[in-house]
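Fold the following and give me the result.
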Amino acid sequence: MKYGRPIRVATRSSALSLVQAREAINILRKALPEETFEIITLNSEGDLRKSESLSAMKRGMFANRIEQAVMEEEADLAVHSAKDVPSDLPDGLIISGYTKRLDPRDVLVHEGLENLMQLPSGFRIGTSSRRRACQVLNLRPDISIIPVRGNVDTRLNFPGKGEVDGVILAASGLIRLNRSKDISAYIPVKESIPDVGQGALLLQCRDDETFPLLKSATDIATQIAVCAERAFLSAIHGECSSPVAAYAEIFGDEIIVKAMAGTPDGIEIYRTEVKGSIRQPEQTGLNAVQALLDSGAADLIGPNYE
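I've put the predicted structure just below:
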């Protein structure tokens with residue numbers, strides 16, 4: 001055992017967070033067979049503020065308490081959904097790696113099999129994501145968006161209670177919880193660009209002796225893609241409430257970033273697609289911001305862009 005004691009892994013206490021922590025540990029065990037691991041569960045600020053709409057919260061509300069545990073040496077490693085982690089990290093913490101990304105798409109869950117474009121007028125979709133609402137309303141302004149929040153099981157139960165007709169969730173969360181059977185339709189990326197980091201797990205540790213141990217477990221392709229997306233987010237200082245999105249894919253030596261910015265009501269929306277080298281993912285993410293500005297999105301992201 002090189003580390004000298006079990007590596008303490010901090011995560012949120014939800015069912016999905018625990019599954020994600022175990023997924024990360026299983027990957028780390030293959031790279032570090034001599035090490036042992038211990039899971040520490042914590043409630044984030046976002047978990048405690050149950051009555052507050054997600055659209056009113058800043059990105060990071062579901063990560064800050066987990067980060068604090070690592071900084072204060074209550075834990076050695078944090079496992080996050082990459083989409084929950086702000087672009088600016090606390091001093092002393094670094095990203096040690098990413099697990100292989102699962103399906104990044106949004107999905108529609110309801111009692112039928114219709115896709116987004118086939119839903120009847122007046123259909124009520126439950127989501128608190130401004131990114132999702134913006135893109136859905138842009139395509140289907142005749143659909144109603146109803147704010148909902150809660151863990152995956154809670155949101156899956158909303159349609160059965162009659163409060164909404166369907167909900168939009170991340171495919172990766174349902175896949176990790178073995179709930180793929182609940183998916184009615186996958187929403188194509190061209191209709192709903194995923195959130196930055198959606199589908200990937202981000203591993204975070206202190207910038208000390210832990211890092212050389214943990215960095216060997218990262219998935220390089222996911223790291224390159226999410227690096228481009230997070231560069232986009234950092235450039236516009238995007239928060240959880242901002243209707244922005246960026247998703248990167250790798251094709252050989254080329255990386256393609258699809259990005260969008262819009263208004264919460266979906267009336268105004270700008271999309272772009274830029275190509276770059278996998279050796280310069282951050283620059284490709286920055287180029288996506290510039291492309292949005294050039295297309296007319298300056299009023300949406302211009303004041304925040306540096």
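
alpha carbons only for contacts and neighbour counts from here, please
OK.

Any idea how many residues pack against D299?
10 (other CA atoms under 10 Å).

Isn't V189 up against R132?
No - using CA atoms under 8 Å, V189 is not in contact with R132, being 11.4 Å away.

Those two - which one has more neighbours?
Taking neighbours as other CA under 10 Å, V189 and R132 compare with R132 leading, 25 against 13.

Pull up the gap between the closest residue to the more buried one other than its chain neighbours and L116, please.
Distance criterion CA to CA, 6 or more residues apart in numbering; nearest residue to R132, sequence neighbours excluded, is S192 at 6.7 Å. According to CA to CA, to the nearest Å, S192 and L116 sit 10 Å apart.

nearest residue to I7 other than its sequence neighbours?
Using CA to CA, 6+ apart and skipping the chain neighbours, the partner closest in space to I7 is F37 (4.7 Å).

hang on, that neighbour packs against A10?
No - taking contacts as CA under 8 Å, F37 lies outside contact range of A10: 10.5 Å.

and the two? which has more neighbours close in?
For F37 against A10, the residue with the higher neighbour count under other CA under 10 Å is A10, and the figures read 28 against 17.

Please name the bridge partners of the more buried one.
Each beta-bridge partner of A10 is listed here: I40, A78, as defined by DSSP bridges.

swap in I95?
Beta-bridge pairing of I95, defined through DSSP bridges, involves Q204.

dump the residue contacts of it.
By CA atoms under 8 Å, 6 or more residues apart in numbering, the contact set of I95 is 202-205.

separation between it and D207?
Using CA to CA, which is the criterion applied here, I95 is 9 Å from D207.

Run a quick neighbour tally on the nearest residue in space to A75 that is not next to it in sequence.
Once flanking residues are discounted, A75 sits nearest to R8: 4.8 Å by CA to CA, 6+ apart. Burial measure for R8: 18 neighbouring residues, criterion other CA under 10 Å.

what's around S14, how many residues?
Burial of S14 is recorded as 15 neighbouring residues (other CA under 10 Å).

Hmm, it is touching N151, no?
Yes - under the criterion of CA under 8 Å, S14 is in contact with N151, at a separation of 7.2 Å.

follow-up on the earlier one: and the contacts of I95, which is closest to I255?
For those, the closest approach to I255 (CA to CA) belongs to L202, at 19.8 Å.

For that closest one, list the residues it contacts.
Contact criterion CA under 8 Å, 6+ apart gives 79-82, 95-99 as the residues in contact with L202.

can we see that at 6 Å?
Applying CA atoms under 6 Å, 6 or more residues apart in numbering, one finds that L202 lies in contact with 79-80, 82, 98.

For these, which entry has the maximal number of neighbours?
If you count neighbours using other CA under 10 Å, the busiest of these is V79, which has 29 neighbours.

for the stretch 201-306 of the chain, which spans come out with low pLDDT?
213, 238-242, 302-306 (pLDDT under 70).

in it, which spans are strands?
Taking DSSP state E, counting those that start in this stretch as the test, the strands found in the stretch 201-306 of the chain are 201-206, 244-251, 254-262, 269-277.

Out of those, flag the one nearest V107.
Ranking those by proximity to V107 (CA to CA) places strand 244-251 first, at 15.7 Å.

That closest one: how far from the chain's middle?
For strand 244-251, the gap between its own C-alpha mean and the chain's C-alpha mean amounts to 12 Å (CA atoms, centre = their mean, to the nearest Å).

Could you name the helices and strands sitting against that strand?
When contacts are defined as 3 or more CA pairs under 6 Å, 6 or more residues apart in numbering; DSSP states H and E, strand 244-251 packs onto strand 254-262.

strand partners of the strand it packs on, parallel vs antiparallel please.
If you go by DSSP bridges, strand 254-262 pairs up with strand 244-251 (antiparallel), strand 269-277 (antiparallel).
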